[in-house]
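Colleague: structure, please.
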Amino acid sequence: MKRLLFFLFVLTAALLAACDTLPSLGSSPTLDPNLPTPAPTSNLLEPDGVATTFLDAWEKGNYEGMYSHLTSTAQNTYSLEAFTSAHTNAARTMTATDLSITPLTGYHDPGSNGAQFSYRVVYHTTVLGDVEKEITMNLVFENDRWAVVWGPNLILPELVNNNYLALDVDAPSRANIYDQDGDWLVRADSSVVRLYYTVGSTSDEFEDDMLGLLSEMLRLSPDVIRQQYAGVPEGQVRPLGDMDLEVFNQYRTQFFSWDGLTAEETIGRRYYGNGVAAHVIGYTGTVTAEACPEYESRGYSCDDIVGQMGLEQWGESYLAGQRGGILSAYTPSGNYYDEVARRDPAPAESLYVSIDRDLQAITADAIANAYGAGRPTWTPTAGGAAVVIVEVDTGFVRAMASYPTFDPNVFHPRNSHPFATGNYLRDLVNNPLDPLFNRATQGAQPPGSIFKLVTATAAMEHPSFGPGWSYNSTGEWCVNIGGSLDCRTDWLEGGHGSVDLAGALTVSCNSCFYEVGYVTGQDDFDIIPNYAEAYHLGQEFDLPIAEVAGNIPDPQQATSDGRPWSVLDSVNIAIGQGDVLVTPLQIAMMTAAVANGGTVYEPQLVERIGLIGEEPSVVYEPEVLNTLDVPPEHLELMRQAMREVAVAPYGTAEYRLGNLQIPVAGKTGTAQVSSNAPPIAWFTGFVPYDDPELAIVVMVENGGQGSSVAAPIFRRIVEEWYGLRVLDYPRDWGDPELFDFVAPGE
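Modeller: Purely as a prediction, here's the structure:
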């Protein structure tokens, strides 16, 4: 628990010394509690009219209006600025967000030029709750008007005689974040092991082996680890990184078998696995200068640590708990005068997120290891990547990884992290791939052929097509538009022959879907976009973390290059090109809907919130966004087609997934974005095929073909999660000549 003091001198001693004095009213009057509460009135010829008008202006924050009703002495003593500051500073000190005022009773002896009026003021504060005071104001008749005898004691009775306010804030410790099973993802006071290396203690021939072990332990590339001691004189001891004690214990024997490697244990707020779910969980940091006024109004100080990104930011009110405190008045000499208000703090509540920690680690490692294995071929031209895994029958997100990633531990100012003072933060900010960018929810990309799931849904329900429709694919598709011939080739030279709609999905026949886009576009430009929106593509979800909507083109608007929509634009979007932009999360939810029979769920990242060992205060249930108006048998045909993608000899991913020991189904996608860069590699699928549990989406920016690059990452995750034999990544990834020819084109 920590305590913070905020001191505020409401007004200077010189100003307070000049307060108005109420003219004599004869014998001291007492307020009759049986008198009725006066109704607000605009009759400023009566003291109660002036009093209620003054209070009404106060409630509305109209300080200038209030000031106009002060006595001439008060106005000579307090400028409008000083008067306003007295109110606003007091409110700020007690963290008041607003106030409400109730007029109570008034007293006026008709034979006197003085009057009194009582009221109840309730300050609605962040730290103290409601602070309620009953106060009596004095009024005098001067210069043919009734006026308020004002002093700071009308704000709070304790603000008399130069007194000032101080708020002693009591903040609970920040709560932890757990995965769906209660395994910690972020933990306070966690045991942390820092690894050290004595430079020069390992010969060059064994350095790579040592770095391989350290890379696995720290979840960092060997190059990043080597940077911690590169160029340092031999014999110096350099910190290499931090890791969780429970993970370190798994490697303890191997670690200490190397001369020159040492470790020490410390304590800190810790992100598991150096942040296996960094883009979901986010990080914490000191309140920024720009945000300081807003946080101060909530009882924080500007050196407090708050959530800066992800669920750490979204869940701030839960994780930080409810601040409590004591508001006191002190004399000008600093002596305690009286307690104004107090409230005890409420303990912080932990977040239990939908992420499965083990699956998340498998997913993050699968991407990182893929980039390592692909260095001789696709990695040098690739951008970042993302994987999203959702539970098909609930919409709960079980894993969400974006590559490259970052270590949230570095950002916590009270963690003594070895990278915080080195080049890590600088490189993080300057990295052109922007590791802080969450490609899973913010990386809107053209989907390529995975969008054919949408187009197939539209075709299943269109009278010109339907499940039994077949098309003869010759490898070229041509149409005459306004006397001009538009011809497009398929990815497979010579075409696929006669294929039905399900088969077109399996072989990813472009010309088949060009035809669907052309025919439906002639009927109604909106047909395919409407089905895309039914899957919730091109729309934001109600996520607790940052996301973008992407784009499903509106045929009623101009295209991105300013042209009116044409039927050829319908042809383009039929294969996921043109102006179509989607996020990996959106594709995951679409895939889950196909797998579960047509229910589009809201993706959920938080399952429950509450105190450890008690019933949760908040529980999130599955939320249905839409139910597709598609017969179950049509979706079953699509699922069968996706199964054939993985196992049929003609399936676009069979050569990557055909011998997988668990039945899976999926769809490849290769989205061309530039003639100067490789396409975006996509694979989306679900597992197991016969009883779907998880929908898994893999996206690699400029990685190449979806079948060649994305499908093996999908496979690795499935093998690891279901305890199957884990194969090495494809051999052709290490051979540029072999890699150029192995992929069938999707």
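
Colleague: spell out the residue ranges of the strands in the stretch 351-500 of the chain.
Modeller: Secondary structure of the stretch 351-500 of the chain (DSSP state E, counting those that start in this stretch): strands at 385-391, 397-403, 470-473, 476-481, 484-489, 497-500.

Colleague: what's the closest of these to L240?
Modeller: Evaluated over those, closeness to L240 peaks at strand 397-403, with 21.7 Å, by CB to CB. The C-beta positions use only the backbone N, C-alpha and C, and glycine is treated the same way.

Colleague: name the helices or strands packed onto the closest one?
Modeller: Applying 3 or more CB pairs under 8 Å, 6 or more residues apart in numbering; DSSP states H and E, we find strand 397-403 packed against helix 278-281, helix 357-373, strand 385-391, helix 439-442, helix 584-596.

Colleague: domain parsing for this protein?
Modeller: 14-160, 177-275, 448-633 (automatic domain parsing).

Colleague: most tightly packed of those?
Modeller: With neighbours defined as mean count of other CB atoms under 10 Å, the domains of the chain peak in mean count at domain 448-633, which reaches a mean of 19.

Colleague: for stretch 295-315, list the C-alpha coordinates in CSV.
Modeller: Included here for stretch 295-315 are C-alpha records, laid out as CSV according to Å, rounded to 0.1, in the frame of the first residue of the first chain:
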residue,chain,number,x,y,z
TYR,A,295,-5.2,10.7,-13.5
GLU,A,296,-4.8,13.3,-10.7
SER,A,297,-8.5,13.8,-10.8
ARG,A,298,-8.8,10.1,-10.0
GLY,A,299,-6.5,10.2,-7.1
TYR,A,300,-3.3,9.2,-8.8
SER,A,301,0.0,11.0,-8.7
CYS,A,302,2.0,11.7,-11.8
ASP,A,303,4.7,9.2,-10.8
ASP,A,304,2.2,6.3,-10.5
ILE,A,305,2.4,3.3,-12.7
VAL,A,306,-0.6,2.7,-14.9
GLY,A,307,-1.6,0.5,-17.8
GLN,A,308,-0.3,1.9,-21.1
MET,A,309,-1.5,-0.6,-23.6
GLY,A,310,-3.7,-3.7,-24.0
LEU,A,311,-5.6,-5.3,-21.1
GLU,A,312,-3.3,-3.5,-18.6
GLN,A,313,-4.8,-0.2,-19.9
TRP,A,314,-8.4,-1.4,-20.5
GLY,A,315,-8.6,-3.1,-17.0
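
Colleague: list the buried ones in that stretch?
Modeller: Across stretch 295-315, burial judged by 16 or more other CB atoms under 10 Å covers 295-301, 304-315.

Colleague: kindly reformat the helices and strands packed on strand 397-403 as TSV containing mean pLDDT.
Modeller: TSV is the format used below for the helices and strands packed on strand 397-403 (pLDDT from 0 to 100):
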stretch	mean pLDDT
helix 278-281	98
helix 357-373	96
strand 385-391	98
helix 439-442	98
helix 584-596	98
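
Colleague: adding distance to Y620, write those out as CSV.
Modeller: Formatted as CSV, the helices and strands packed on strand 397-403 follow (distance: least, CB to CB, whole Å):
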stretch, distance to Y620
helix 278-281, 15
helix 357-373, 18
strand 385-391, 13
helix 439-442, 17
helix 584-596, 16
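
Colleague: out of the ones you listed, which is closest to L727?
Modeller: Ranking those by their distance to L727 (criterion: CB to CB) puts helix 357-373 first, at 11.4 Å.

Colleague: who touches the closest one?
Modeller: 179, 181, 183, 185, 219, 221, 272-273, 276-277, 379, 382, 385, 387, 389, 398-401, 403, 405, 709, 712-713, 716-717, 720-721, 728-730, 733-734 (CB atoms under 8 Å, 6 or more residues apart in numbering).

Colleague: chain center to stretch 433-446: distance?
Modeller: A distance of 13 Å separates the centroid of the chain from that of stretch 433-446, by CA atoms, centre = their mean, to the nearest Å.

Colleague: give me the number of residues near the closest residue to P404 other than its chain neighbours?
Modeller: What sits nearest to P404 in space, not counting adjacent residues and going by CB to CB, 6 or more residues apart in numbering, is P435, at 4.3 Å. Using other CB atoms under 10 Å, P435 has 18 other residues around it.

Colleague: mind listing what the closest residue to G610 other than its chain neighbours touches?
Modeller: Once flanking residues are discounted, G610 sits nearest to P616: 3.4 Å by CB to CB, 6+ apart. Neighbouring residues of P616 by CB under 8 Å, 6+ apart: Y352, R608, I609, G610.

Colleague: how about P616, secondary structure?
Modeller: For P616, the assignment made with DSSP: H, G, I helix; E, B strand; the rest coil gives coil.

Colleague: could you check how far it is from Q322?
Modeller: According to CB to CB, to the nearest Å, P616 and Q322 sit 17 Å apart.

Colleague: and what of P730?
Modeller: 54 Å.

Colleague: these two: which is more packed in?
Modeller: Higher neighbour count among P730 and Q322: P730, with 23 against 19, using other CB under 10 Å.

Colleague: report pLDDT for that one.
Modeller: For P730, the model assigns a pLDDT of 96.

Colleague: quick one: contacts for it?
Modeller: Taking CB under 8 Å, 6+ apart, one finds A373, R656, S708, P712, V742 in contact with P730.

Colleague: mind checking the end-to-end distance for stretch 217-227?
Modeller: 16 Å (CA to CA, to the nearest Å).

Colleague: give me the contact list for it.
Modeller: 195, 208, 211-212, 214-215, 240-243, 247-248, 251, 255, 273-274, 276, 364-365, 368, 372, 422-424.

Colleague: if we go to 7 Å?
Modeller: Contacts with stretch 217-227, where a contact means CB atoms under 7 Å, 6 or more residues apart in numbering, come from L211, G212, L214, S215, L240, G241, M243, Y251, G273, N274, N423.

Colleague: next: stretch 240-256.
Modeller: Outside stretch 240-256, the residues that touch it by CB under 7 Å, 6+ apart are 191-197, 213-214, 217-218, 220, 225, 228, 261, 263, 265, 270, 272-274, 409, 417-418.
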